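Participant: Generate a structure from the sequence data that follows.
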Amino acid sequence: MNATTPYINHFRPIYEVRATLFWFIALAFLPFSGMPYGWAFALAMLVPLLIRGSQVWKALRFRLAISTKWLTTLPVPQLMAVQKKMREDSNSMYLGTGFEWTQKHCQIAHDILRMPTTDIPGLPKWLGKTRRGREIEAAIERLFVPGDSIRDREPQGVSWIHGMEPQKVRVPFHYKAMSAHTAVGGTTGSGKTRTYEVISTQVIHCGDVLIVIDPKNDKDWKARVERECARMGRKFLYFSQAKPLESIRLNPLENWSQPSEIPGRIAQLMEEGPFRDFAFLFIDRAVKGELYIGDKPNLRSILKYAQAGVAKLLERSLERFFREKGLDNWEELVATTITQIGGKPGSTSRVDAMALLYNERYAHNDLGHEAIDGLIATHTHDRDHYTRVIASVMPLLQMLSTGETGLLLAPKVEDFDDEREIWDIDRIIKQKAVLYMGFDSLSNSIVQKAIASLVLADVAAVCGAIYNFYKETPDVVLIIDEVAEAINEQVIQILNKGRGAGFKAFVAFQTRSDLEAKLGNAAKMLQVLGNLNNQVILRLEDSDTALWFSDKVGETAIRNIQVSGGTSRGSEGHIGEFNGTITRSLQLEKAPLIPVALIQRLPNLQYFLRISGGAVYQGRIPILQG
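Facilitator: Next up is the predicted model:
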């Protein structure tokens with residue numbers, strides 16, 4: 001803002017009303033005056049009347065807009081018509097109606113913040129106290145308000161933020177910007193779910209893959225996604241541990257590039273420390289053993305070997321190894337070894353004898369196999385110590401691998417009586433399906449966090465596979481509500497490298513401290529937030545998070561009027577004689593483009609949008625209908 005820009009006081013009395021009334025009376029009186037060429041004078045008077053009248057109209061419209069809160073309704077067919085046009089014109093998504101936030105709006109906001117709330121102009125309060133007054137109020141509102149708006153009578157937020165700009169536009173969210181990932185911040189009830197409904201609907205209609213991680217299992221959001229999938233003829237998949245009969249079966253250990261990823265996903269669910277490291281080691285050995293004999297590891301098999309030990313797995317592995325090495329008489333050699341060590345055929349000493357044969361003939365000559373070496377190390381490990389170490393992971397495996405949860409996360413392919421579909425993340429993306437995962441975090445938060453973390457780790461593995469091996473990059477939109485419930489290293493990797501794999505992530509949180517508490521330190525929190533290059537911020541209660549966003553937006557210059565006055569009386573003057581001075585000065589000062597106070601006063605469904613390196617918008621999310 002430069003010094004020559006005129007300063008407009010939007011809150012002064014509307015002096016133009018007097019001029020408008022004067023020209024109107026003069027024009028009305030002119031036909032009765034008998035003045036020659038009255039029509040010419042009438043035309044001359046009409047010009048200032050229209051000018052002054054338009055000024056009064058603008059002032060009244062502005063004052064009504066800042067004094068009343070509104071909500072917008074939008075039928076889905078109309079939303080898709082708008083979105084289709086916006087995609088053709090600017091390759092963008094529709095994010096409600098609003099305006100680009102500039103220095104002008106910052107100036108008005110600071111002017112309002114400086115004045116008492118009782119001084120903010122609006123409709124007279126007495127209108128709402130009588131029936132006739134309410135009718136007049138409704139008639140005035142109809143003159144200024146679009147037909148798709150309804151009165152917002154909720155107490156949250158202030159009315160004047162969205163009303164500062166009379167010229168509203170469709171807020172664009174460009175698809176290229178979305179690939180840089182987006183943070184969605186907002187306190188409880190501010191409108192995050194409604195925002196996600198608008199985004200989800202457009203993603204489904206555009207044909208992109210949609211994966212939703214919803215810890216609250218919001219029924220309205222789920223119903224919206226399912227309804228739009230049915231409307232578009234797309235495959236809708238629902239996973240919910242709380243509703244197993246309605247749920248699909250989903251193996252979160254299906255996709256990986258390195259076998260060590262599987263124990264890593266389980267170990268990361270535990271607290272850091274030596275017990276987690278030992279658990280990783282033992283699970284890693286069991287997983288590599290399963291892969292060696294051709295079995296597919298899952299949560300149920302990992303629990304089995306953790307509980308019962310790896311003797312059976314080691315036996316099968318050694319049988320395969322001996323056959324691969326062409327040792328046709330291995331059973332005779334094992335029987336001889338059993339006799340030598342004093343065991344009986346059929347006892348557990350058979351496994352020990354097989355291990356001894358393997359060590360003497362192969363391992364000691366560096367001809368063994370790493371999977372078998374690991375299994376032998378586990379089998380011969382001190383049993384008491386093994387039991388104490390593995391006990392730290394047993395409750396977690398027990399929760400994830402048994403009962404209905406085990407059937408959902410480690411599906412039995414051979415169980416033909418179970419008609420629930422079996423899916424995995426890679427197949428979902430290849431078939432362009434829509435997955436909605438609703439978790440019961442309120443009643444079973446520990447298990448739900450673990451499941452969400454495992455699934456997101458699987459998403460990260462598929463993301464890496466797409467980046468490395470896919471010829472065509474799919475468009476995948478990943479929405480994670482309440483990310484602190486499921487954040488892990490794999491989510492950070494998705495945010496770091498997901499763009500190259502076609503992933504567009506939307507990550508929601510209420511406060512930055514939630515992330516810091518979950519990740520354990522501020523550096524990790526900043527790493528996550530640093531990869532969320534766009535921000536959609538609804539009302540926040542947390543000052544630290546609001547300040548973080550305000551700093552992201554930056555500063556501008558605003559004008560501040562300084563008024564000073566003084567009186568004086570000369571020593572020789574008469575009583576009553578005095579001199580007076582009033583001084584007004586206009587000063588420039590730096591101020592946040594979006595003050596923290598505004599972020600904390602947003603009404604429901606209103607937001608600020610910052611596109612990385614681009615414009616800043618203030619908008620309002622519509623309520624979808626149909």
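Participant: longest helix of the protein?
Facilitator: Longest helix of the chain, by residue count under DSSP state H: helix 38-65.
Participant: Okay, now the unreliable bits of the stretch 1-150 of the chain?
Facilitator: For the stretch 1-150 of the chain, applying pLDDT under 70 flags the ranges 1-12, 34, 65, 67, 116-129, 133-134, 136-147.
Participant: How many residues are close by Gly554?
Facilitator: Using other Cβ atoms under 10 Å, Gly554 is surrounded by 11 other residues. C-beta here means a position set from N, CA and C on the backbone, and glycine is covered the same way.
Participant: ugh, wrong one, I meant Thr337
Facilitator: When neighbours are defined as other Cβ under 10 Å, Thr337 has 19 of them.
Participant: Give me the contact list for stretch 387-399.
Facilitator: If you take Cβ atoms under 8 Å, 6 or more residues apart in numbering as the criterion, stretch 387-399 is touched by 266-267, 269-270, 275-276, 278-279, 282-283, 299, 302-303, 306-307, 405, 446-447, 450.
Participant: Go again with 6 Å.
Facilitator: When contacts are defined by Cβ atoms under 6 Å, 6 or more residues apart in numbering, stretch 387-399 is touched by residues Leu269, Phe275, Phe278, Ala279, Phe282, Leu303, Ala306, Val447.
Participant: out of those residues, who has the most neighbours?
Facilitator: Neighbour tally across these (other Cβ under 10 Å): the maximum, 25 neighbours, falls on Ala279.
Participant: and that residue, helix, strand or coil?
Facilitator: Classification of Ala279 by DSSP: H, G, I helix; E, B strand; the rest coil places it in helix.
Participant: State the distance from it to Tyr386.
Facilitator: Distance, Ala279 to Tyr386, using Cβ to Cβ, to the nearest Å: 11 Å.
Participant: again with Gln156
Facilitator: Using Cβ to Cβ, we find Gln156 at a distance of 56 Å from Tyr386.
Participant: and which of the contacts of stretch 387-399 is nearest Val528?
Facilitator: Leu269 (18.5 Å; Cβ to Cβ).
Participant: correct me, but the closest one touches Ala450?
Facilitator: Yes. Look at Leu269 against Ala450 with Cβ atoms under 6 Å: they come within range, at 5.0 Å.
Participant: Show me where the stretch 101-250 of the chain has its strands.
Facilitator: For the stretch 101-250 of the chain, applying DSSP state E, counting those that start in this stretch gives strands covering 149-151, 169-174, 182-185, 209-214, 236-239, 249-250.
Participant: possible to save these as CSV with distance to Ile293?
Facilitator: CSV is the format used below for the strands of the stretch 101-250 of the chain (distance: least, Cβ to Cβ, whole Å):
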stretch, distance to Ile293
strand 149-151, 65
strand 169-174, 50
strand 182-185, 45
strand 209-214, 33
strand 236-239, 30
strand 249-250, 24
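Participant: mind giving me CSV with the ones you listed and columns for mean neighbour count and distance to Ala353?
Facilitator: Shown next, in CSV, are those (neighbours: other Cβ atoms under 10 Å; distance: least, Cβ to Cβ, whole Å):
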stretch, mean neighbour count, distance to Ala353
strand 149-151, 14, 81
strand 169-174, 18, 67
strand 182-185, 25, 60
strand 209-214, 25, 50
strand 236-239, 20, 46
strand 249-250, 22, 40
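Participant: Next secondary structure after the longest helix of the chain?
Facilitator: Remark: after helix 38-65, the chain's next helix or strand is strand 70-75, criterion DSSP states H and E.
Participant: Show me what counts as buried in that following strand.
Facilitator: Trp70, Leu71, Thr72, Leu74 (16 or more other Cβ atoms under 10 Å).
Participant: Using CSV, list the CA coordinates for the helix or strand just after that strand.
Facilitator: Going down the chain from strand 70-75, the next helix or strand is helix 76-90, by DSSP H and E. What follows is helix 76-90, C-alpha atoms only, in CSV (Å, rounded to 0.1, in the frame of the first residue of the first chain):
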residue,chain,number,x,y,z
VAL,A,76,-25.1,-31.6,-5.8
PRO,A,77,-26.0,-31.3,-9.5
GLN,A,78,-25.4,-27.5,-9.3
LEU,A,79,-22.1,-28.2,-7.5
MET,A,80,-20.9,-30.5,-10.3
ALA,A,81,-22.0,-28.0,-13.0
VAL,A,82,-19.9,-25.3,-11.3
GLN,A,83,-17.0,-27.7,-10.8
LYS,A,84,-17.0,-28.8,-14.4
LYS,A,85,-16.8,-25.2,-15.6
MET,A,86,-14.0,-24.4,-13.1
ARG,A,87,-12.0,-27.4,-14.2
GLU,A,88,-12.3,-26.5,-17.9
ASP,A,89,-11.5,-22.8,-17.3
SER,A,90,-8.8,-23.0,-14.6
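Participant: Go ahead and name everything in contact with helix 76-90.
Facilitator: Under the criterion Cβ under 6 Å, 6+ apart, residues Ser92, Tyr94, Pro172, Gln202, His205, Leu624, Gly626 lie in contact with helix 76-90.
Participant: Nearest to Phe509 among those residues?
Facilitator: Among the contacts of helix 76-90, and counting by Cβ to Cβ, the member closest to Phe509 is Gln202, at 22.3 Å.
Participant: Mind giving me the packing neighbours of the longest helix of the chain?
Facilitator: Judged by 3 or more Cβ pairs under 6 Å, 6 or more residues apart in numbering; DSSP states H and E, helix 38-65 is in contact with helix 16-29.
Participant: can you rerun that using 10 Å?
Facilitator: Packing partners of helix 38-65 (3 or more Cβ pairs under 10 Å, 6 or more residues apart in numbering; DSSP states H and E): helix 16-29, helix 131-144, helix 160-163.
Participant: export the last one as CSV, just CAs?
Facilitator: Looking back up the chat, that one is helix 160-163. C-alpha atoms of helix 160-163 as CSV (Å, rounded to 0.1, in the frame of the first residue of the first chain):
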residue,chain,number,x,y,z
TRP,A,160,-18.5,-9.1,9.6
ILE,A,161,-15.5,-11.2,8.4
HIS,A,162,-17.3,-12.6,5.3
GLY,A,163,-19.4,-9.5,4.8
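Participant: Could you list the residues in contact with stretch 324-336?
Facilitator: Residues outside stretch 324-336 that contact it (Cβ atoms under 10 Å, 6 or more residues apart in numbering) are 318-319, 321-323, 343, 345, 349-358, 360-362, 367, 369.
Participant: Select only the buried ones of those residues in ChimeraX?
Facilitator: Buried members of the contacts of stretch 324-336, defined by 16+ other Cβ under 10 Å, are picked up in ChimeraX with:
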select :318,321,322,343,349,350,351,352,353,354,355,356,357,358,361,362,369
